[in-house]
Every structure is written in structure tokens, then in C-alpha cells.
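Peer 1: give me the fold of what follows.
(one chain, ligands or ions: 2)
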Amino acid sequence: MVYSEKYTSWTRDDILTEVKSKMKIQRFEHILRVEKSALELAQRYKGNLEACSLAAILHDYAKELPKETMDSIVQEEQWNPEILQYGSQIWHGPAGAYFAEKKFGITDETILTAIRDHTIGSEKMSLTGKILFVADYIEPGRKFPGVQNARALAMESLDQAVMFKITQTIIHLVEKGILVYPETLTVYNAWVRNKEEIY
Ligand SMILES: [Fe+2]
Ligand SMILES: [Fe+2]
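Peer 2: Numbers count the residues shown, from 1 in each chain. Ligands and ions are numbered 1, 2, ... in the order given. Predicted coordinates for the structure are as follows:
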């Protein structure tokens, strides 16, 4: 994959070298699998291959960064500090978008938003956003119960796969007694309201 100038001046290899240096090998391999799944979905649903590749290889860049780094980004960008309470599981999305822009020079809002929202989804997602959100959930390394359903749905309807992930994620959090980031429920409600358009 060669990226056009309008997206980034970095090559894919240089991005991967940098991404790899910031995380455990298992997570790096996850990222490569997400990219592969994202490109398959992009082909199926006529998405933008370059945008999907970039969003995929950068989506978890911030996942293993120390909380202090996130603290300083929240200060610098004047984000609502409430996000810090929900852990890296939630904040690595916005932090990833921050680095995609500041470090890798990406200005394309669709890519940045896809990365920013990949942890919880959003009310209105672009095709690239939906592809990343679903690819992250169904990549071949995922083993959770229901992943086969998710993969089958993704072949039929991207929207149904997005809805499935949003719903299953909330069920999982509630069952495990984990805090639910309030925005997650807002996203869920928005998708439930849109249900007639999806099914
Ligand atoms: Fe992630
Ligand atoms: Fe991921």
C-alpha cells in the first residue's frame, strides 16, 4: 500500500516500524490483522483502501502509552478530564487520533474520526469508521463467543455488524460489572433509533 501525499508523507513501512516500537508484539500483530480485515471489508463495501489501511494501522497506537501521556494530552487539548476515569480502553481512541494528526501528519478528518471513535463507535459513522469499527471486532485473532455471528453479519451488512458490536459490548460490560462510558449508551440509543433503516 502506497499512501498519497494528501494523507501522509510517511510510508506504510515507516509507520509500522514506529507503531511496533510502542507496543507488545501481540498487539502489533492484531493491528496487522485489523488492517487485513479492514481492506477486505473496504473491497466488499467499496470503501477507500488507503484511508482504511491508515486508520487500521494507527488505531491502537496509543493503547499502551502511559496514563501520564494521556494526562498531558487532556491538559494540552483541554479535553474533558472525565475521560481519564474510564481507562485506556476508552481514551486510546482520542489519543490515537491525536498522534495520527500530530505525529503522522494526517489531516483527513474521516481517518482521524474513525480512529477517535473506534473504541465506542458514534452516532454517525463514515464508511471508513464503520469498516475500522467492525474489522477491529472480527479480525481472525478474535476468539470471543459470538465472533462467528459477527463475521457472518459483516459479510451481509456492515450496519448490522456495527449494531451487533455496540450491543454486545454493552452486554459484556454490564455482565462483568465494568463502568460503561456514558457516550457508549448515547451511541447505542442512536443506533437503536436508526434500526428501521438498518434492518
Ligand atoms: Fe482499540
Ligand atoms: Fe484494536
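
Peer 1: dump the C-alpha coordinates for stretch 148-159 into CSV.
Peer 2: The C-alpha coordinates for stretch 148-159 follow below in CSV (Å, rounded to 0.1, in the frame of the first residue of the first chain):
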residue,chain,number,x,y,z
GLN,A,148,-18.7,-16.1,14.2
ASN,A,149,-22.0,-14.3,14.2
ALA,A,150,-20.3,-11.0,13.9
ARG,A,151,-18.2,-12.2,11.0
ALA,A,152,-21.2,-13.6,9.2
LEU,A,153,-23.1,-10.4,9.8
ALA,A,154,-20.2,-8.3,8.5
MET,A,155,-20.4,-10.2,5.2
GLU,A,156,-24.2,-9.3,4.9
SER,A,157,-24.5,-5.8,6.3
LEU,A,158,-21.9,-3.5,7.7
ASP,A,159,-24.5,-1.6,9.6
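
Peer 1: just the buried positions in it, please.
Peer 2: If you call a residue buried by 16 or more other C-beta atoms under 10 Å, then stretch 148-159 has these buried ones: Ala150, Arg151, Leu153, Ala154, Leu158, Asp159. For glycine as for every other residue, the C-beta is placed from the backbone atoms N, C-alpha and C.

Peer 1: farthest pair within the residues you listed?
Peer 2: Arg151 and Asp159 (15.3 Å; C-beta to C-beta).

Peer 1: which ones are touching the residue lying closest to Gln85 once chain neighbours are set aside?
Peer 2: Sequence neighbours aside, Leu179 is the residue nearest to Gln85 in space, at 7.4 Å (criterion: C-beta to C-beta, 6 or more residues apart in numbering). By C-beta atoms under 8 Å, 6 or more residues apart in numbering, Leu179 lies in contact with Gln85, Tyr86, Leu173.

Peer 1: could you look up the SS state of Leu179?
Peer 2: coil (DSSP: H, G, I helix; E, B strand; the rest coil).

Peer 1: please apply the same query to Tyr3.
Peer 2: From three-state DSSP, the assignment for Tyr3 is coil.

Peer 1: how about the closest residue to it other than its chain neighbours, what does it touch?
Peer 2: Among residues not flanking Tyr3 along the chain, Glu50 sits closest, at 5.6 Å (C-beta to C-beta, 6+ apart). With contacts defined as C-beta under 8 Å, 6+ apart, Glu50 is in contact with Met1, Tyr3, Ser4, Tyr7.

Peer 1: is the first one in contact with Trp10, as I believe?
Peer 2: No: counting by C-beta atoms under 8 Å, Trp10 is not a contact partner of Met1; they are 11.8 Å apart.
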